[in-house]
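> Here is a sequence together with a model predicted from it:
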Amino acid sequence: MRRFPVCAALLVLVVAAGCGGERQDADEPEGEFTLEIVGASFPERQSIAQRSTLRLEVRNTDDRELPNLAVTVETEPEGDEAAGVAFAQAEEDPRLADPSRPVWVLDRPPEGGQSAYTNTWALGPLFPGQTKEVEFRLTAVRAGSYTVGYRVSPGLDGKAVPANGQRTEGSFRVTISDEPVPARVNDAGEVVRGGD
């Protein structure tokens, strides 16, 4: 009984059926859309182990629905090489398998913003006039001074682009102290960070 040729033929058919297909950006409308960052905040002074929140408020100022609000975050590199991860910098050490070293640990990304990218979150459609608050919950893990840049786009795949003249990007200059935030355990057994 020879099953191998039949199994091999079925495997080839399954693989062939999975290849090709529709492009990822096939449904994204093409053209310019108007959107604007109407608010942005991130503490400029932080400490190791301190939790913080990077907040962006984005408004759809177009009369059409934005296809897929995309938010990209990049930490400016120290050297020539940029890290492939949002809240990190690249170490220029050829012995490292992954040169990205975190400056902040991402405790909680924006809700519903998962994507295959390591520095871009896809937050879905935005209706005309709608404002969306985007929050990144972070913990600082590396002392130093850093510039964190951010930008927003009406689409994830590059066919829908922001119109000229809109405020769609910006940056924060942040200094992280190497002294951790004071912490204590209160009477209820909870860890309390910060002063009295």
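Sure thing, it's come through.
> And the helices in this protein, which stretches?
Listed in chain order, the helices of the chain (DSSP state H) span residues 4-18.
> So for stretch 162-177, what gets flagged as buried?
Buried residues in stretch 162-177, defined by neighbour count with 16 or more other Cβ atoms under 10 Å: Pro162, Gln166, Thr168, Ser171, Val174, Ile176. C-beta here means a position set from N, CA and C on the backbone, and glycine is covered the same way.
> again, but for stretch 54-67
Leu54, Leu56, Val58, Arg59, Asn60, Thr61, Asp62, Leu66, Pro67.
> Next: stretch 38-52.
Buried, per 16+ other Cβ under 10 Å, within stretch 38-52: Ala40, Phe42, Pro43, Gln46, Ser47, Gln50, Ser52.
> and if you look at stretch 139-151?
Result for stretch 139-151 [16+ other Cβ under 10 Å]: buried residues Thr139, Ala140, Val141, Arg142, Ala143, Tyr146, Val148, Tyr150, Arg151.
> ok, Ala183 to Ser47 distance?
From Ala183 across to Ser47, the span is 11 Å (Cβ to Cβ, to the nearest Å).
> er, Leu66 I mean
The separation that Leu66 has from Ser47, given Cβ to Cβ, amounts to 37 Å.
> now the buried residues of stretch 54-67 as CSV including pLDDT?
Output for the buried residues of stretch 54-67, formatted as CSV (pLDDT from 0 to 100):
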residue, pLDDT
Leu54, 98
Leu56, 98
Val58, 97
Arg59, 97
Asn60, 96
Thr61, 95
Asp62, 94
Leu66, 92
Pro67, 92
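> quick one: which of those sit in strands?
Leu54, Leu56, Val58, Arg59, Asn60 (DSSP state E).
> picking up where we left off before, between the buried residues of stretch 54-67, which is closest to Pro102?
Closest approach between those and Pro102, by Cβ to Cβ: Leu54, at 14.3 Å.
> does the closest one really touch Phe172, like I thought?
Yes: using Cβ atoms under 8 Å, Leu54 makes contact with Phe172 at a distance of 7.5 Å.
> shared neighbours, the two?
Phe42, Val148, Tyr150 (Cβ atoms under 8 Å, 6 or more residues apart in numbering).
> Can I get the residues you listed in CSV including distance to Glu76 and pLDDT?
Conversion of the shared contacts of Leu54 and Phe172 to CSV gives the following (distance: Cβ to Cβ, whole Å; pLDDT from 0 to 100):
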residue, distance to Glu76, pLDDT
Phe42, 14, 98
Val148, 8, 96
Tyr150, 12, 96
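> on that earlier part again, now, which of the ones in strands among the buried residues of stretch 54-67 sits nearest Phe127?
Asn60 (6.4 Å).
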